[in-house]
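1. Below are the sequence and a predicted model for it; my questions follow.
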Amino acid sequence: MSNVYNVAVVVGSLRKASINRKVALALAELAPPNLKLKIVEIGDLPLYNEDIDGDSPPAAYSTFRQEVGSSDAVLFVTPEYNRSVPAPLKNAIDVGSRPYGKAVWSGKPGAVISVSPGAIGGFGANQHLRQSFVFLDVPCMQQPEAYLGGAGSAFDEAGKLSESVKPFLQNFINAYGKFVEQHKK
């Protein structure tokens, strides 16, 4: 029997009805038995400021760092804003990377799925985030890459995942389960 790995899921969109959040929840339902996905909220994180991150950092910083730090792996589900990641996601990355030398991301197997109503599926955000992984010391699953374009039709009006999208997400999360297993041994 394989181990069960806790995966911190960071959703780049703050919208309540976010397609990205829906995709994250769908991935949690489709996850193989060795993965347990949990969304780690980023909406309450104050903008990173070293001046307030001393001996008594904001409670939101500490909570976020503890939740990501206690996970075994990280999964990012993000839209694309201006060919990059949304500001709240970049802020969460910065909060988790500090204080210097104590990053919560280091060594955690990671993956990215970008989700967009546009045709190219958030390619810019996906690639930009992967670039940050290098500095963060997050081993990144290279294949399959995951860009979900036309995501407005990924769910019906009742919120049910489209049968045409399900195999794509299933393939992605199954591959990620294998990737995490390989990197945690």
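-> Good, I have the coordinates.

2. Please report the residue range of the longest helix in the protein.
-> As assigned by DSSP state H, the longest helix anywhere in the chain is helix 166-184.

3. Do a quick rundown of the strands in the protein.
-> All strands of the chain, identified by DSSP state E, fall at 5-11, 35-39, 73-78, 110-115, 146-148.

4. Dump these into CSV; add mean neighbour count as well.
-> The C-beta positions use only the backbone N, C-alpha and C, and glycine is treated the same way. Below are the strands of the chain laid out as CSV (neighbours: other C-beta atoms under 10 Å):
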stretch, mean neighbour count
strand 5-11, 23
strand 35-39, 18
strand 73-78, 27
strand 110-115, 28
strand 146-148, 22
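
5. Asp94: which of those strands is closest?
-> The closest of these to Asp94 is strand 5-11. By C-beta to C-beta, the value is 12.4 Å.

6. And the closest one, what does it pack against?
-> Under the contact criterion of 3 or more C-beta pairs under 8 Å, 6 or more residues apart in numbering; DSSP states H and E, strand 5-11 touches helix 19-30, strand 35-39, helix 59-69, strand 73-78, helix 166-184.

7. can you tell which of the strands of the chain is closest to Leu25?
-> Of all the strands of the chain, it is strand 35-39 that lies closest to Leu25, at 7.8 Å by C-beta to C-beta.

8. Adjacent strands (with direction) for the closest one?
-> According to DSSP bridges, strand 35-39 has the following sheet partners: strand 5-11 (parallel).

9. which residues touch stretch 177-185?
-> Stretch 177-185 has contacts (C-beta atoms under 8 Å, 6 or more residues apart in numbering) with 2-3, 5, 7, 31-32, 34-35, 72-73, 109, 111, 139, 141.
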